[in-house]
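Trainee: Got a sequence here, can you build the structure:
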Amino acid sequence: MDLHELKEQSVKEALGIEKSFGRILSFVDFANVNYWFEEDRYDAEGSVMLENEKLSISIENLKTFSDTFSTDTRFYYGHDSANPASLGFLSATKHVFGKNRVFTKPIQKVKHYLTEQEAGINTRTLQHDAKGDFIRIPKCNFDVEICVDAIRLVENYDTFCLFSSDADFVHLTRILKKGIKINVDSKKVIIPSKKIILVKGGYIHHSLHDVADLIISAQDIKKYIAIKKQKPGG
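Mentor: Here you go, the predicted structure:
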């Protein structure tokens, strides 16, 4: 066993990923993952960070981490075509994960009318129409795409690994746990039950918690995927 294999084994043992999980296909819902450490005041080594420092997800480290146990990793993230930084990030993810493993679509900006309390703490650009003051909130989720791909590729993995704690995936994970019936040449074929690994940030709904075979906390993998950066203007 070489040094790389030894490191992979060490990571899997630390996280509780056993051989029984078989082929693991990972789905990264990056809009969820991106803010895991947004409020953290301690770095990966447990030291208090300076006021002008923050933790950020390194996509290179995220890919390396996922590769330690995944046979393949699929990355889902929306882009803003009017924002050069967003397009630059998208290009970087394709370089790291592979252009055929990054799945994207334009971000939609949804109107949100502010309550009196929200108006007092709002930091976004304020707009106004006949209904009142509003801001535009970027929204772009990949629940449907991830669910469709998980079913479409169901024969390619033994364990479904989701980097997210979104309760919208409860129905999908329950179906995967039960096994899936498909028609092949007019015959019904049963795809065996899949195991479920959830890599999650904060709170996780009990219905999602109950279906998982293994739950990995973002805090337990901070040292593998996070890097320290200066805050804008810091």
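
Trainee: Count the residues that sit near Asp168.
Mentor: When neighbours are counted by other CB atoms under 10 Å, Asp168 registers 15. Placement of C-beta: from N, CA and C, glycine included.

Trainee: Got the phi and psi for it?
Mentor: Here is the backbone geometry of Asp168 (degrees, to the nearest 10): phi -60, psi -20.

Trainee: show me what contacts the nearest residue to it once chain neighbours are set aside?
Mentor: On the basis of CB to CB, 6 or more residues apart in numbering, the spatially nearest residue to Asp168 that is not a chain neighbour turns out to be Asp143, at 4.7 Å. For Asp143, the contacting residues are 166, 168-169, by CB atoms under 8 Å, 6 or more residues apart in numbering.

Trainee: show me what contacts the residue lying closest to Leu62 once chain neighbours are set aside?
Mentor: Spatial nearest neighbour of Leu62, chain neighbours left out: Ile225 (4.8 Å); criterion: CB to CB, 6+ apart. Residues near Ile225 by CB under 8 Å, 6+ apart: 57-58, 61-62, 65.

Trainee: Closest to Ser193 out of those?
Mentor: Nearest to Ser193 among those, counting by CB to CB, is Phe65 at 26.2 Å.

Trainee: list the buried ones in the host helix or strand of that closest one?
Mentor: Assigned by DSSP states H and E, Phe65 belongs to helix 59-67. Within helix 59-67, the residues that qualify as buried by neighbour count (16 or more other CB atoms under 10 Å) are 59, 61-63, 65-66.

Trainee: and those as TSV, adding pLDDT and distance to Phe89?
Mentor: Listed next are the buried residues of helix 59-67 as TSV, based on pLDDT from 0 to 100; distance: CB to CB, whole Å:
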residue	pLDDT	distance to Phe89
Ile59	97	8
Asn61	97	15
Leu62	97	13
Lys63	97	14
Phe65	97	19
Ser66	97	18
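
Trainee: List phi and psi for the residue located most distally from the centre of the chain.
Mentor: Centroid-distance maximum for the chain: Ala130 at 37.8 Å, with CA atoms, centre = their mean. Backbone torsions for Ala130, taken as degrees, to the nearest 10, come to phi -60, psi -20.

Trainee: How much space separates it from Glu116?
Mentor: Shown here: Ala130 relative to Glu116, a distance of 18 Å by CB to CB, to the nearest Å.
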